[in-house]
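> Build me a model from this:
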Amino acid sequence: MSTLRAISALDEAVKEYLLFRGFTQTLRSLEADIKADKDRGFQVDKIVGHLFSCAQGLDLEGLLSFWRHLDNRFFSRLDHAFLHSVRKLELCLLRYYVVCTIQANRSEKLREFFESLAHELQGNAEWQPWFSTLEHNSVRGVGLGWVEWG
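Take a look at the predicted model:
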């Protein structure tokens, strides 16, 4: 039996037990906790879906908050050999957010992104081409001359 099916079966058994004992308030609380599960039941498709949903919905705080949760809960425990891959995934996800803001023509969201993350991204060589491109060219009318890089 796969881990996901085992977890699901265990959840159902606990729910049945709570119903049998008449612990309806506890059952409602459990169901609410399962619904709000930040780990998305360890289902990769749900985790990735949530990350993309935050990026496409231009929810920077939600994206960063969920990424920090994943970083603290999972990525920080990975073998050091995987650290480069995790950072590359983070880089690509943040770039995807930038692309989504540009496609939606939401300059205020792009401004929010660079104002809140400029100090972290400024020294990152992976971001330098993006900074120079966005600083010197107006991308669909979204210029970044207001961002101070140095």
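
> Let's see the one helix or strand Leu10 maps to as PDB, backbone CA atoms only.
Leu10 is part of helix 3-21, with elements assigned from DSSP states H and E. Taking C-alpha atoms only, helix 3-21 is exported to PDB below (Å, rounded to 0.1, in the frame of the first residue of the first chain):
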ATOM      1  CA  THR A   3       2.000   6.000   1.800                       C
ATOM      2  CA  LEU A   4      -0.700   8.300   0.500                       C
ATOM      3  CA  ARG A   5      -3.300   5.600   0.500                       C
ATOM      4  CA  ALA A   6      -2.200   4.500   4.000                       C
ATOM      5  CA  ILE A   7      -2.500   8.100   5.300                       C
ATOM      6  CA  SER A   8      -5.900   8.400   3.600                       C
ATOM      7  CA  ALA A   9      -7.100   5.100   5.100                       C
ATOM      8  CA  LEU A  10      -5.800   6.200   8.500                       C
ATOM      9  CA  ASP A  11      -7.600   9.500   8.300                       C
ATOM     10  CA  GLU A  12     -10.900   7.700   7.400                       C
ATOM     11  CA  ALA A  13     -10.400   5.300  10.300                       C
ATOM     12  CA  VAL A  14      -9.900   8.200  12.800                       C
ATOM     13  CA  LYS A  15     -12.900   9.900  11.400                       C
ATOM     14  CA  GLU A  16     -15.000   6.800  11.800                       C
ATOM     15  CA  TYR A  17     -13.800   6.400  15.400                       C
ATOM     16  CA  LEU A  18     -14.600  10.000  16.200                       C
ATOM     17  CA  LEU A  19     -18.100   9.600  14.800                       C
ATOM     18  CA  PHE A  20     -18.600   6.300  16.700                       C
ATOM     19  CA  ARG A  21     -17.600   8.000  20.000                       C
END
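
> helix or strand right after that helix?
helix 24-35.

> Report the buried residues of that following helix.
Neighbour counts over helix 24-35 (16 or more other Cβ atoms under 10 Å) mark Leu27 as buried. (Glycine included, C-beta is placed from N, CA and C.)

> next helix or strand past that helix?
helix 44-56.

> if we can go back for a sec, give me the angle between the helix holding Leu10 and helix 24-35.
With axes from the mean of the first three to the mean of the last three Cα atoms, to 10 degrees defining the directions, helix 3-21 sits at 160 degrees from helix 24-35.

> And helix 3-21, what's buried?
Leu18.

> From the contact counts, what lies against it?
Counting contacts by 3 or more Cβ pairs under 8 Å, 6 or more residues apart in numbering; DSSP states H and E, helix 3-21 packs against helix 24-35.
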